[in-house]
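Asker: sharing a sequence plus its predicted fold:
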Amino acid sequence: MAKAKVLLVDDSPFVLAMLSALLQSEGYEVITAQDGLTAIELTYTENPDIILLDVMMPKMNGYQVARLLKFEEQTKHIPIIIFTSKDKPIDRFWGLQTGADAYLVKEEEHDKLLKTIELLLKKRPTISHTGISLERPSYLDILIKTNDLLDRKLYEATIINRITELGKKIPEISAAVKGVFKHVEELLPYEIAALFLAEQEKSRFFILTKSKISEEMVQKISKHCKDFLEKEKDMDFPDPEITVFESGSEEIKDSQNTYFALFSSEGGIYTLFFFYGEAVAKLGQSEKEILNLILEHASIILENAYLYEKIRLKSITDELTGLYNRRYFLERLEMEWERAKRYKRPISLLLLDIDYFKKINDTYGHLAGDRVLRTLGKIVSEHMRRSEIAGRYGGEEFAILAPETDAESAVKLGERLRKTIENYSFPINGYINLTISIGVADAIGVNSVTEFIQRADNALYKAKEAGRNRVVKWEEDKKC
């Protein structure tokens, strides 16, 4: 039985003669070409089973030939060995970047060449040649295909470079997500874009739209993405923390056209992209390949931003309560106080303390006390508006900063929180009830952050002194 057909491409007649004799002695059928253009023509007309390709050749070099043949649907299955005298690491790198299946240096033993040919032929899928045109392509056809390929590579490189620069400049996850989707929109003008970032213990969901989107639709798409990921990975993931970016007042148009792209890292982070809208249906195969390449690169940038945020949050968060730690809370207090002073906007500070907390530790133990603090931190988080900032100020003392809030409104916030705690049953030794005292101060007439804190602290002292389980506002005439 005749062996496979080998297309041998080299501009040296001596090399062609020597390698032809070697291959023919092994039973291979050999056809030859002395330039890249002829090699492409023969690939279409002769249907070789494998190609041996030199790099330095007239008309088209070996790298260009390999890229073009590996890009074309009709020829990408044909194994290509770049067989050259160029042996520097950079040559090997670029050779394999073309999509070539192997890179061999001519000075290596011929046995290695024959073994590589045999191995690649065994791996080669069985492909019918009926899909390959027997019409010899013209030089113009090949030139057009080459230029199209170069344009595509230039487009990919441009978008990827932009996303890479984005990763250098924007470590914050929300800004990174918006930046990535801004660049993706140049290729795919979506109506909705979403990102589901997930680990087994935590997940985040970001959704972007230039139209108005209902909470119901946000939840629907979030669940759609979560279900898709769980089905693909056969794993359960927690419900995500959801962030919505929207603009405009028009309702989003309904569309059945959706597109998913899923990537994962060795660290167990899954990055799922979701696109929704009429433009999705118009994506061609070539555009999908470019999109997936861009998204694969973007997934690395977004994963890095996610990990950066995760590490940063750990450094500024109180481990027990999940609220900000004292150091970071004071940094934010300084920033928000300066902003309020500059723009003459109201700002209030609440300091709260658990009444008789020492008795809890003494009676039930410190682990029970920790459970109380952890639960209280969760309740405080649930009662805050998005603009408010909460932190564990120290021990059993908590602080809430309320920008754009006057003292009266801050007192109402404090009262809601106080009543919630008073009516809450903490699961300690069965159940116990606790109370809190709260001091409230605004920044009217305040000359420093220290004075601002002192006012709230004085008001908290008055609340304790007056019998606890109450909210007291600092007042100038009473000198709280």
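Answerer: Received it, and whenever you're ready, just let me know what you need.
Asker: host element of R468?
Answerer: Under the criterion DSSP states H and E, no helix or strand holds R468.
Asker: what sits closest to it if chain neighbours are left out?
Answerer: The shortest distance from R468 to any non-neighbouring residue, by CB to CB, 6 or more residues apart in numbering, is to D355 (4.4 Å). The C-beta positions use only the backbone N, C-alpha and C, and glycine is treated the same way.
Asker: can you show me the strands along the stretch 51-200 of the chain?
Answerer: 80-84, 102-105, 192-198 (DSSP state E, counting those that start in this stretch).
Asker: show me where the stretch 51-200 of the chain has its helices.
Answerer: In the stretch 51-200 of the chain, the helices defined using DSSP state H, counting those that start in this stretch lie at 62-71, 89-97, 110-123, 139-169, 173-184.
Asker: and these, which one's lowest on average pLDDT?
Answerer: Of all the helices of the stretch 51-200 of the chain, mean pLDDT reaches its minimum on helix 139-169 (a mean of 64).
Asker: if I look at I173, how far off is T271?
Answerer: Computed as CB to CB, to the nearest Å, the I173 to T271 distance reads 12 Å.
Asker: which residues are common contacts for these two?
Answerer: Counting by CB atoms under 8 Å, 6 or more residues apart in numbering, the common neighbours of I173 and T271 are L302.
Asker: tell me the buried residues in stretch 194-214?
Answerer: Using 16 or more other CB atoms under 10 Å as the test for burial, stretch 194-214 gives 194-199, 203-210, 213.
Asker: ok, back up a step: export the strands of the stretch 51-200 of the chain as JSON lines, with columns for distance to I444 and mean pLDDT.
Answerer: As requested, the strands of the stretch 51-200 of the chain are exported to JSON lines (distance: least, CB to CB, whole Å; pLDDT from 0 to 100):
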{"stretch": "strand 80-84", "distance to I444": "76", "mean pLDDT": "91"}
{"stretch": "strand 102-105", "distance to I444": "74", "mean pLDDT": "91"}
{"stretch": "strand 192-198", "distance to I444": "43", "mean pLDDT": "94"}
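Asker: can you redo those strands as CSV with distance to L53?
Answerer: Below are the strands of the stretch 51-200 of the chain laid out as CSV (distance: least, CB to CB, whole Å):
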stretch, distance to L53
strand 80-84, 5
strand 102-105, 10
strand 192-198, 41
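Asker: can you tell me the centre-most residue of the chain?
Answerer: L302 (2.7 Å; CA atoms, centre = their mean).
Asker: wait, that one sits on A176?
Answerer: Yes - between L302 and A176 a contact is recorded at 5.8 Å, counting by CB atoms under 8 Å.
Asker: pLDDT-wise, which helix or strand of the chain ranks last?
Answerer: Within the chain, no helix or strand scores below helix 139-169, which has a mean of 64 by mean pLDDT, DSSP states H and E.
Asker: sketch out the low-pLDDT regions of this protein for me.
Answerer: Where the chain drops to pLDDT under 70, the residues are 1-2, 126-160, 166-168, 170-171, 247-255, 476-480.
Asker: quick one, domains of it?
Answerer: Domain ranges of the chain: 5-135, 154-315, 326-478, per automatic domain parsing.
Asker: for the closest residue to A407 other than its chain neighbours, give the beta-bridge partners.
Answerer: Leaving aside its chain neighbours, A407 sits nearest to D442 (4.1 Å; criterion: CB to CB, 6+ apart). When assigned by DSSP bridges, D442 has beta-bridge partners S348.
Asker: I figured D442 hits I347, correct?
Answerer: Yes - counting by CB under 8 Å, D442 sits close enough to I347 to count as a contact (6.8 Å).
Asker: list the residues that contact both of these two?
Answerer: Joint contacts of D442 and I347 (CB under 8 Å, 6+ apart) do not exist.
Asker: got phi/psi on the nearest residue to G268 once chain neighbours are set aside?
Answerer: Excluding the flanking residues, the one nearest G268 by CB to CB, 6+ apart is E199, at 5.9 Å. Backbone torsions of E199, given as degrees, to the nearest 10, read phi -120, psi 170.
Asker: surely E199 touches S264?
Answerer: No - using CB under 8 Å, E199 is not in contact with S264; the gap is 10.6 Å.
Asker: give me the common contacts of the two.
Answerer: By CB under 8 Å, 6+ apart, the residues touching both E199 and S264 are Y270.
Asker: just the C-alphas of stretch 264-282, formatted as CSV.
Answerer: Taking Å, rounded to 0.1, in the frame of the first residue of the first chain, the C-alpha atoms of stretch 264-282 are listed here in CSV:
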residue,chain,number,x,y,z
SER,A,264,-11.4,28.9,33.4
SER,A,265,-8.1,29.2,35.2
GLU,A,266,-6.0,26.7,37.1
GLY,A,267,-6.9,28.6,40.2
GLY,A,268,-10.5,27.6,39.9
ILE,A,269,-11.9,30.9,38.7
TYR,A,270,-14.5,30.7,36.0
THR,A,271,-15.1,33.6,33.6
LEU,A,272,-18.4,33.5,31.7
PHE,A,273,-19.2,36.2,29.1
PHE,A,274,-22.8,36.7,27.9
PHE,A,275,-24.1,38.8,25.1
TYR,A,276,-27.7,39.5,24.1
GLY,A,277,-29.2,41.3,21.1
GLU,A,278,-29.9,41.2,17.4
ALA,A,279,-26.3,41.7,16.5
VAL,A,280,-25.4,38.3,18.0
ALA,A,281,-27.3,36.6,15.2
LYS,A,282,-25.2,38.3,12.6
